[in-house]
Structure formats: C-alpha cells, structure tokens
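S.K.: Below: sequence and its predicted model.
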Amino acid sequence: MTQLVMSSNLSVKLSRFIFVAIIFCVSPGCEDIVLNNPYTKPDNQLTVLYSSFSERPKHLDPAVAYSSNEYALIGQIYEPPLQYHYLKRPYTLVPLTATAMPVIHYLDKMQKPLPADAEVKKIAWSDYQITLQPGIYFQPHPAFAKNPAGGYMYHNLTEEQLSHIAKLGDFHATGTRELTARDYIYEIKRIADPRNHSPIAEIMKQHIAGLKQFSDQLEGKSINEIRQVTVSGIKLISRYQYRIRIKGKYPQFIYWLAMPFFSALPWEADVFYSQPGLKTNNISLDWYPVGTGPFMLEENNPNLRMVMVKNPNYHGEKYPFSGASGDTEQGLLMDAGKPLPFIDKVVYTLEKETIPYWNKFLQGYYDASGIASDSFDQAIQFTGSGSVELTPVLQEKHIQLQTAVTTSIFYMGFNMLDAVVGGYTEQARKLRRAISIAVDYEEYISIFMNGRGVPAQGLLPPGIYGYSKNKQGINTYVYDWINGHAQRKPLGIAKQLMIAAGYPAGVDPKTGNALILYLDTPASGPDDRARLNWYRKQFEKLGIQLVIRSTDYNRFQQKMRSGNAQIFMWGWNADYPDPENFFFLLYGSNAKVGHGGENAANFKHPEFDRLFEKMRNMDNGPERLRLIRKLQEIMRFEAPWIFGFHPKSFSLYQSWYHNAKPNLMANNTLKYIRIDTRQRTKMRRLWNHPVLWPIVLTAAAVLLLMLVPAFIAYRSRARATISG
C-alpha cells in the first residue's frame, strides 16, 4: 500500500510539472524565444554588423598586406591620404585625410617648372604635394601611453613586465597623438625597408626618386636610425604637408595614394611592436593594427572570431551628398551629410564551410552573403529573357540582390616563345584565332559560373577607361555582331582557319596524327577535373588533342619563368582603375621570361610597346582613347590570349542592410553601411520562431501515459477498499 501511494504522488507531481511547462510554452511570452541564436552575448545597445571569415588574414601591416581578406580589415583601420568616392561612377578619387587632391608640379631636368600640358618627354620629375587635415588622431593604443615624466611607458619593457603580458588588452594604459605628415613619410620608408618585404617595394623604387638609394643603406639600422635617414625624393614641408617626387610622368601614382600601402603609420607603434617579448605572443602589427580610421581591431582570435569596434578618436567624415545617376531613386542618398560610421561594432565569426554560413544568413544571423555554387539554385532563378532574379523564398524575405562585373579578367594564354602556338607568323596567328573561336566561354560561364560572368572582347573590363561596349567594342576575329548582340563565330570558321594554318581537321602534317598541344596548370583537385575535361572537349572540336600537365604551384611558376609552358590559364584583378594596369600585362619589357614580369605570354610586339609607352603616361582624353583602341586591335589581331571572361559578382543583403553599393576599387566601405537593428531583431524572431506543437503533443502523451497507471492504481485501491 505504501509503494502505491508514493507512486501516485510522484505521478501527480510530474503531471503538475508537465502541465506548467505546457502552459509556459503556449504563453505569449514564449513567442519571443529564439532558441538557435549563435550569438551568446547579444549587443542589444550597439549597432552591430555580423559577418564571417574562413581563413585568418596573414598580414595586417599596411606595408605588407596585399590580399582581399587582409584589406577587408585594414581598409577600415588605416587611412591613406586619398580614397575612392563611394557612390560615383566611373571610379573617382577624393580626399580622405588630405584637405584636397594633391597639387602636381612638373619639372624638367634642370628642375625648372613646366606647364601642366607639357610633353611627356620633357618631364623629368613630377612633384605630388599633399596637405593634411589638422585635428586627426590615432586610435587609443599602448604605444602612445606616457608616464608623468613624459616618457613612453611601454617602449622598453623588462622581462618581468613582459611575463604578465599575453595579449594587447593586458596593457592598462593607452594614449594617442595627432596625425602628421611625418607618419606618411615614415610608412613610405617602411615600404622600402628590405626587412618588411613589401610587395610593392620594387615598383616604388622605380618611381619614387631616391627610394632605391634609401633602401640600399638600411641594413643594420634601427627604427630610430631609419627615422633620421632621409629620402631625396620625399620632403617634409610642414607639420601637415609633404611632397613626393616621381621620376618622369606617372599619372597612375595618384591611385597608389588611395591604397593601404601609403597609409599613415606612427613610428611609436613600430618601436612598441619590435620588442621580442611581444612578438612571441603574437602582439605585432600583423595582429593589432594602429590607425586613424573609423574602426579598430578589438579582438583577434583566429580560431573563433575577429571583432572591430568604432574608433573613439575618429575624425568624423560624413556620408556623401551626391552620387551617380540613379542613386537617389535607389535610396543611396537618404543618409547624405550624416556623420560616419553608422556601425558601432563588426563581428567576424570563423566559418570554414559555405553551407552553415548560408543557413545562418537565411535565418538572419549574417547581414550579407555571397552565393556559393552549393546554394546558387536556392537563391537565383533565370527569367525567360535570360535576366536573373531572386527565388520566391528570398523575395519573401525582402533580401536584396546586387550584381557587378568585376574589374578582373580570366584568360587562356599562349606562350609566344613556343615553336607551335607562339610566334608572329600568319600560320601561328590563325591557329590561335581558331582556338579562340572554339573555346566557348559562353558555355563555360553557364556551366561553371552559374552565369556569373561576361565574355571578354578584349583586355579591358567594364568600368576601366577605354572599355568600349556594343558593336564598337567586340573582337571581330572571334565574334560577329548580329541583331544587336555579339555572337561567337560558327565553328566552321575556326575549322577553315585550321586548314589555312596547315592543320586540316586538326592533323599535324609532321606526324600525320592529331596535333598535340599542352596545357600547364597547377589545378589538380576533384573540382578542377570537370573544368579541365571541358577544355579538352573544346580543343577536340578542331581535332586537337589537349594534354593536361598538372603540377604543384611552385613547379608551375618555375615553368612560366623559364618559358617551358605552352598554354596556360591566368587572371588579373585591377590594382587601380586605369588601362595601364591591364595593358602592361602584354608589354614586352614586362615579359615573364628574362624580366620576371607579369607578361606571362611573353608577348613582344614593337608597335604595341611603342603605343603602350606613349599611352601609359597620358591623361585621359581623345588621344589616349585612340591609342587604347589601337592597342586593343593589335592584341585581337595577334591573339596572344584567348580573352576569357570578366567575373560577375552576386551579393545578397538583408532588408535591414542599407547603403549597399558594389565598389570594386574601394576597400574602406564599412563606414557607409547602416543597419536597422530593430527590423533585424523582428525578422530574426519571425524566421526562427520555435515550433512547439511537437513538444506540447509529446508532453500531453507522456502526461496521459503517466495518469493511466495512476488511475488504474486508484481504481484497484477503491475496489480493494469496497471489498474489505
């Protein structure tokens, strides 16, 4: 009897517990519960942008960093004197920390002034004079902290002091100081310092007067000694003004002044980070940048997340008042004149796989997303006219789609030193043209790029000065203009060219068998196999047997440098929006063989080189445009490349993500983004509302199962009592 009572009481207690749980789960307050939120510490009082990274940036030092994942961070932290206007197109440079655009003076060999329209051959020197805004301060940092006597607190740390330091946050005192012209001069010196291995050191030595001589005398010198050594071509004029002297005329130099390489870096940070005890704990410029930009890096945990917060010392830039055509209609000028940045904090979470990232984006836990191949069909659908739009699921979420043709080109190149595909004979030229027609990049873009690309008609992508569209801009050796569109020439034309080249039906007359050509590539993974097989089939259309020679990247690079590759695939992304940055890829003096340059095809054409040398240093105008078109025609005629395609970027933004506009040149765009946190919170709750009916149903079933034995026991006890 005792056991029966205890069992009954336990059932009653459990029943009450389950009943209370059911009432709680169906109550109105339960609707606000979001059970799958990945952020354990919500920042309810801050405007936070949520993004991700898949690989830790290797360098955050502006003299060394040169990759997109590095620029995604340092572009928000460091400030060069110039920047690209966020909204205007074509891309336009505007002052950032400078008061105005640099004043440029031309000088002859005797250093006498020349007029602005002087002939290029008369210009021996170009002086760029830059004036900075006063009142700009660096972010708070221990490198600036001083003791009451005015000395730096952390520039000469003892072993005892270092033993208590594991991260930058362990330094309790911070300081700041005003940005001056010396900080920009110091960074240029750091570019030239061989110990920093700056990727642009050699090209800058060719252009900045005295930089090579300065670099040659730095061996063994300390940071303080380097500060005292002068560069003949760089002059400090005043606290806020400095001058850079360029050899000859090099108009493209102004674009370099908008890149992180030419940002300001305080010497105090260099001295601070140079202490060996800090380097052992990864406390260095590569982990903790020091800048004047709108954000500063607060947390750097490559195994979990990276966090940037608003720089409390930021000098207060404002959102642009004007933009390009259509920006007003698209709501891109609603924040005109408002102080930047709009965001308080940026959280980058480590995401190694694309599918988890995509799912979190759909749940509202990431604010923007690209589109990986795995999720393309979930995001994009093609209309009957061939245009793209979002799928109904994403349209219901009011997600925004933005596309932009990148300032890049991917191409297949011929080694012009090769005895078969190279050379400047009519036979070799027709062989290259035949292959250019046969390799159907429209099909490639459709199969492997999900339509995210534009077939290239020449070297220049859209958005670069000199690019021509429509009929005027097509490659007439590969395309015909039919019904208002460029259409690839029929395969029959390519076969006729093969006959004219001496390879009827692809047969090599020397062997009587199919012509064998070799494609060298470092691509060898499973994902590359389908692409390489596709290339084989393109050559098979002409009867050519394409042999793939896959190797590791170092071996591939060695083959390219020695000229032992026959056909190869390569790509180029613009450093700055000028045609010179593309045409130099085929400039003879920039050949890979013998010069170690970026001309991987080893194309050497006297007329092309002559026109390039004339065009490269000209200002934009009718004469430069005429030379650009001549250069394009020479390349199309000689066909050292199969002009492949310009990739097209597809970006998705949540409805609460405002002021998004693709800017393929700027790397400091986070300051313009505004997040509507109230809408984000609302949509997250709506999209992640917990489905509770299975819990309620299960709980009810458990309750019923528990009550049945109790009821049976009660009836049995009642019968026993009556019988007694």
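M.R.: Good, I have the coordinates. What you see is a predicted model; the values in this text were computed from it and never measured. Numbers count the residues shown, from 1 in each chain.
S.K.: Spatially, what comes nearest to residue 618 if we skip its sequence neighbours?
M.R.: Nearest residue to residue 618, sequence neighbours excluded (Cβ to Cβ, 6 or more residues apart in numbering): residue 624, at 4.3 Å. For glycine as for every other residue, the C-beta is placed from the backbone atoms N, C-alpha and C.
S.K.: Hmm, I typed the wrong one, I wanted residue 188.
M.R.: Excluding the flanking residues, the one nearest residue 188 by Cβ to Cβ, 6+ apart is residue 234, at 6.1 Å.
S.K.: residues near the one you found, how many?
M.R.: When neighbours are defined as other Cβ atoms under 10 Å, residue 234 has 20 of them.
S.K.: List the beta-bridge partners for it.
M.R.: Judged by DSSP bridges, the bridge partners of residue 234 are residue 244.
S.K.: pLDDT at it, what is it?
M.R.: pLDDT recorded at residue 234 is 98.
S.K.: That one contacts residue 246, doesn't it?
M.R.: No - between residue 234 and residue 246 there is no contact under Cβ atoms under 8 Å: 10.7 Å.
S.K.: Give the residues shared as contacts by these two.
M.R.: Common neighbours of residue 234 and residue 246, using Cβ atoms under 8 Å, 6 or more residues apart in numbering, are residue 208.
S.K.: How about the contacts made by the spatially closest residue to residue 679 that is not a sequence neighbour?
M.R.: Once flanking residues are discounted, residue 679 sits nearest to residue 656: 4.3 Å by Cβ to Cβ, 6+ apart. By Cβ under 8 Å, 6+ apart, residue 656 lies in contact with 367, 675, 676, 677, 679, 680, 683.
S.K.: Take the residues you listed and keep only those in strands.
M.R.: With DSSP state E as the criterion, strands contain residue 675 from among those.
S.K.: Out of the contacts of residue 656, flag the one nearest to residue 573.
M.R.: Nearest to residue 573 among the contacts of residue 656 is residue 367, at 24.9 Å by Cβ to Cβ.
S.K.: any chance you could map the strands in the stretch 501-650 of the chain?
M.R.: 516-521, 545-550, 567-573, 641-653 (DSSP state E, counting those that start in this stretch).
S.K.: still on that earlier bit, can you give me the distance of the residue nearest to residue 679 to residue 169?
M.R.: Residue 656 sits 31 Å away from residue 169, taking Cβ to Cβ, to the nearest Å as the criterion.
S.K.: Residue 297 reaches residue 310, doesn't it?
M.R.: No - with contact defined as Cβ under 8 Å, residue 297 does not reach residue 310; the gap is 11.9 Å.
S.K.: Quick check: neighbours shared by the two?
M.R.: Counting by Cβ under 8 Å, 6+ apart, residue 297 and residue 310 have no common neighbour.
S.K.: picking up where we left off before, now, the contacts of residue 656 that are in helices?
M.R.: If you go by DSSP state H, those have 677, 679, 680, 683 in helices.
S.K.: who wins for most neighbours among the residues you listed?
M.R.: The most neighbours of any of these, using other Cβ under 10 Å, belong to residue 680, which has 20 neighbours.
S.K.: Nearest residue to that one in space, please, no chain neighbours.
M.R.: Looking at residue 680 with Cβ to Cβ, 6+ apart, the closest residue is residue 656, at 4.5 Å.
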